[in-house]
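Chemist: just the structure for this:
(one chain, ligands or ions: 1)
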Amino acid sequence: MLFKDKVVVITGGGSGIGKVSAIKFAEEGAKVVVSDVNEKDGEAVVASIQTNGGIASFVKADVSKYEEVVHLIQTTIDTYGGLDIGLNNAGIGGNVTLKTADADVKDFDKVMAVNTSGVFYCMKLQLKHMQQQKSGAIVNIASIAGLRGLPNNLAYVASKHAVVGMTKTAAMEYAKHGIRINAVCPAFTKTQLFNPELYEQFAPGIADKLMKNIPMRRFGEASEIADAILWICSERSSFVTGLALPVDGGLTA
Ligand SMILES: NC(=O)c1ccc[n+]([C@@H]2O[C@H](COP(=O)([O-])OP(=O)(O)OC[C@H]3O[C@@H](n4cnc5c(N)ncnc54)[C@H](O)[C@@H]3O)[C@@H](O)[C@H]2O)c1
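Modeler: Residues are numbered from 1 along each chain as shown. Reported below is the predicted structural model:
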């Protein structure tokens with residue numbers, strides 16, 4: 001087992017990439033704290049892990065609220081006696097139809113609060129603990145939108161470029177302390193956040209158009225992103241830190 005008795009905290013663990021990662025970490029022997037704003041989804045993931053003999057618990061937290069992240073990290077440490085891996089995954093898409101001059105200020109602030117401030121709050125508190133134990137791994141979920149521009153999606157692109165920048169900076173700061181910090185950058189992956197059928201309803205033909213830009217000519221599966229996440233948190237990537245790893249069917253190649 002890759003993560004026997006390791007303690008993992010996962011934000012946005014109630015759905016999509018976070019959910020599949022939670023299940024896979026538990027299958028590999030980890031004790032998993034599933035966190036989400038959506039209590040029902042998060043509790044359901046915990047129940048399914050427990051049914052299969054794994055160890056997991058749920059803590060509700062909105063990552064854009066610092067006090068809730070403080071509570072999440074403290075509860076994790078109190079419950080399982082430590083924290084080895086932080087998967088900072090919670091994220092929202094924001095508006096995808098408006099160019100920069102028409103972009104909505106409230107939408108921008110909300111996306112930055114969840115996607116960027118949320119990752120900062122999590123890393124800050126995870127690192128406070130990990131630097132004392134002199135070990136740990138953090139993976140922040142960015143996006144191909146953290147590596148390139150995407151028209152009509154300014155807030156999301158800004159928020160994910162910030163995640164890549166924070167990842168690289170923190171990786172350099174904590175490399176000497178035995179803590180590795182990396183980002184995973186998925187392209188279009190079938191989840192609640194990116195549902196090609198829904199996109200088709202408001203922009204017919206869009207799914208085909210997006211797919212044509214991907215050399216593999218298909219969208220990603222949450223399990224493919226989760227596999228990259230588990231690798232980058234495991235000892236199998238022990239010399240890897242500060243990486244922003246595209247998992248994108250060749251899109252950014
Ligand atoms: N699906 C894609 O195509 C894709 C591509 C690139 C990057 N990503 C990134 O992957 C991550 C996971 O997304 P997903 O595709 O699995 O989406 P998803 O919508 O299935 O899951 C996101 C989860 O985050 C939770 N969440 C939202 N706001 C939150 C908040 N403020 N605090 C705590 N939890 C919150 C949601 O309740 C949900 O359970 C996100 O950071 C997203 O930006 C997704």
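
Chemist: check the burial of the residue in the stretch 51-200 of the chain positioned nearest to the ligand by counting its neighbours.
Modeler: Closest contact between the stretch 51-200 of the chain and the ligand, by CB to the nearest ligand atom, is at Gly91 (2.2 Å). Where you see a C-beta, it was placed from the backbone N, CA and C, and this is true even at glycine. Neighbour count for Gly91, taken as other CB atoms under 10 Å: 27.

Chemist: enumerate every residue touching it.
Modeler: Going by CB atoms under 8 Å, 6 or more residues apart in numbering, Gly91 touches 12, 114-115, 118, 141, 143, 159, 193.

Chemist: the strands in the stretch 151-253 of the chain, which residues?
Modeler: 179-186, 244-247 (DSSP state E, counting those that start in this stretch).

Chemist: deepest-packed of these, please.
Modeler: Highest mean neighbour count among the strands of the stretch 151-253 of the chain (mean count of other CB atoms under 10 Å): strand 179-186, with a mean of 26.

Chemist: just the C-alpha atoms of that one, please, in CSV.
Modeler: The C-alpha coordinates for strand 179-186 follow below in CSV (Å, rounded to 0.1, in the frame of the first residue of the first chain):
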residue,chain,number,x,y,z
ILE,A,179,8.3,18.9,2.2
ARG,A,180,7.4,18.6,-1.5
ILE,A,181,4.8,20.9,-3.1
ASN,A,182,3.5,20.4,-6.6
ALA,A,183,0.6,21.4,-8.8
VAL,A,184,-1.5,19.2,-11.1
CYS,A,185,-2.9,20.9,-14.2
PRO,A,186,-5.8,19.0,-15.7
